[in-house]
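J.: Starting from these lines, generate the structure:
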Amino acid sequence: FDALVKGPMFGPQHRYRVLSFGHSKALTCVRPRELDTAMGTEFRSYNLGLPGEVHFLPILEAALEAGNVPTHVLLTLPWDGKLDKPGLTAALRDDPKTLLPFRTFPRDATLFLFENRNRLAEAVHDVALQRNSMLEERGWYFIKSQSHYKDDRLPDDYALPSDRPNRIEERKIPEKSFARSRLEQLATKYGFEILFIPVPYRIGEFKPAPVADHVRVATISDHPRIRVLGPDYFNYPPAYFADPHHMNLLGALAYTADLGRLLKSSGAFD
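T.: The predicted model follows:
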């Protein structure tokens with residue numbers, strides 16, 4: 001992602017410049033190329049979902065510092081509720097421009113070498129291909145390593161004991177936090193809007209979101225640059241997922257199509 005956001009991301013022909021953030025669910029569900037096609041030639045987007053991570057400000061700030069200024073920032077996850085600025089340890093841990101993200105390198109390197117001890121050269125080549133593919137796809141990534149079913153599709157009757165099919169999963173957005181304040185500062189300084197978009201869940205994982213929410217366009221505490229579009233989540237059949245949480249290509253295409261329709265109907269890109 002550091003390589004992605006420091007290169008030229010947008011051109012003068014792109015009236016709408018969009019960066020989407022979230023954790024690994026977002027990483028696997030937003031297809032920038034198809035979203036651009038759905039939205040029109042003046043629209044260009046990137047998927048900057050971070051696997052196993054919810055801190056998106058460092059990546060956003062790196063893009064801004066490189067001159068890649070979006071018109072819209074899409075969020076699937078809310079900011080955290082911490083009121084204080086991160087301390088030095090947290091800042092080093094969360095900032096991709098420092099060395100501490102390599103804190104897991106010894107563990108990861110050992111695991112990588114062990115799992116690929118008989119095919120190291122091939123594995124290194126595979127990693128390079130995956131990295132290049134992510135750059136070409138502008139951040140979208142299919143998590144193949146967690147897919148264990150035929151054709152990367154969960155069975156139609158797939159369910160987990162932890163599923164709550166009778167509960168609506170409401171997205172809690174903290175009213176106050178340091179991350180929110182910083183995001184608002186950046187939005188005001190650079191002139192971009194912040195839009196909350198739905199998260200994808202399996203059918204049966206949670207109760208479908210209220211029908212009225214599907215046409216929702218709401219502001220957050222009357223802040224003009226922060227809006228919630230549509231429901232907190234979309235539901236999709238298990239066959240659209242490669243594992244309990246992450247979408248396969250079929251699911252990503254379906255979600256991206258739904259997202260495109262939502263963005264068009266919201267009026268945010270008129």
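J.: only C-alpha atoms for contact and neighbour calcs from this point on.
T.: Will do.
J.: Report how many residues lie close to residue 13.
T.: By other C-alpha atoms under 10 Å, 11 other residues sit near residue 13.
J.: contacting residues for it?
T.: Shown in contact with residue 13 (C-alpha atoms under 8 Å, 6 or more residues apart in numbering): residue 42.
J.: Likewise for residue 10?
T.: 17, 44, 68.
J.: doesn't residue 70 make contact with the first one?
T.: Yes - with contacts counted by C-alpha atoms under 8 Å, residue 17 reaches residue 70, the gap being 4.6 Å.
J.: what ranges do the helices span in the chain?
T.: 2-6, 24-29, 32-39, 57-65, 88-94, 105-115, 120-136, 178-190, 249-266 (DSSP state H).
J.: Using TSV, lay out these together with mean pLDDT and mean neighbour count.
T.: Shown next, in TSV, are those (pLDDT from 0 to 100; neighbours: other C-alpha atoms under 10 Å):
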stretch	mean pLDDT	mean neighbour count
helix 2-6	85	15
helix 24-29	95	25
helix 32-39	98	18
helix 57-65	94	18
helix 88-94	51	14
helix 105-115	76	12
helix 120-136	77	13
helix 178-190	94	16
helix 249-266	97	19
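J.: Surely residue 190 and residue 69 touch.
T.: Yes - using C-alpha under 8 Å, residue 190 is in contact with residue 69, at 6.9 Å.
J.: what's the burial count for residue 152?
T.: 20.
J.: Residue 223 now?
T.: 9.
J.: Distance of it relative to residue 175?
T.: 11 Å (C-alpha to C-alpha, to the nearest Å).
J.: With residue 23 instead?
T.: 21 Å.
J.: These two: who's more crowded?
T.: residue 23 (19 against 12).
J.: pLDDT score for that one?
T.: Confidence at residue 23, expressed as pLDDT, is 91.
J.: Would you confirm that residue 204 contacts residue 164?
T.: Yes - counting by C-alpha under 8 Å, residue 204 does reach residue 164; the two are 7.0 Å apart.
J.: What sits closest to residue 82 if chain neighbours are left out?
T.: residue 177 (5.1 Å; C-alpha to C-alpha, 6 or more residues apart in numbering).
J.: I'd say the one you found and residue 81 touch.
T.: Yes - using C-alpha under 8 Å, residue 177 is in contact with residue 81, at 4.9 Å.
J.: what sits against the closest residue to residue 39 other than its chain neighbours?
T.: In space, and not counting its chain neighbours, residue 39 is closest to residue 260: 6.4 Å by C-alpha to C-alpha, 6+ apart. Contact partners of residue 260, counting by C-alpha under 8 Å, 6+ apart, are 35, 38, 39.
J.: returning to that earlier point: ok, the residue nearest to residue 82 - how many residues close by?
T.: 17.
J.: Check it and give its pLDDT.
T.: On the pLDDT scale, residue 177 is placed at 89.
J.: Quick check: it vs residue 54, distance?
T.: Counting by C-alpha to C-alpha - residue 177 and residue 54 are separated by 14 Å.
J.: hmm, back to that, who wins for neighbours among the contacts of residue 10?
T.: residue 44 (24 neighbours).
J.: residue boundaries of the strands in the stretch 101-250 of the chain?
T.: Ranges of strands in the stretch 101-250 of the chain, per DSSP state E, counting those that start in this stretch, are 193-196, 199-202, 217-220, 223-229, 233-236.
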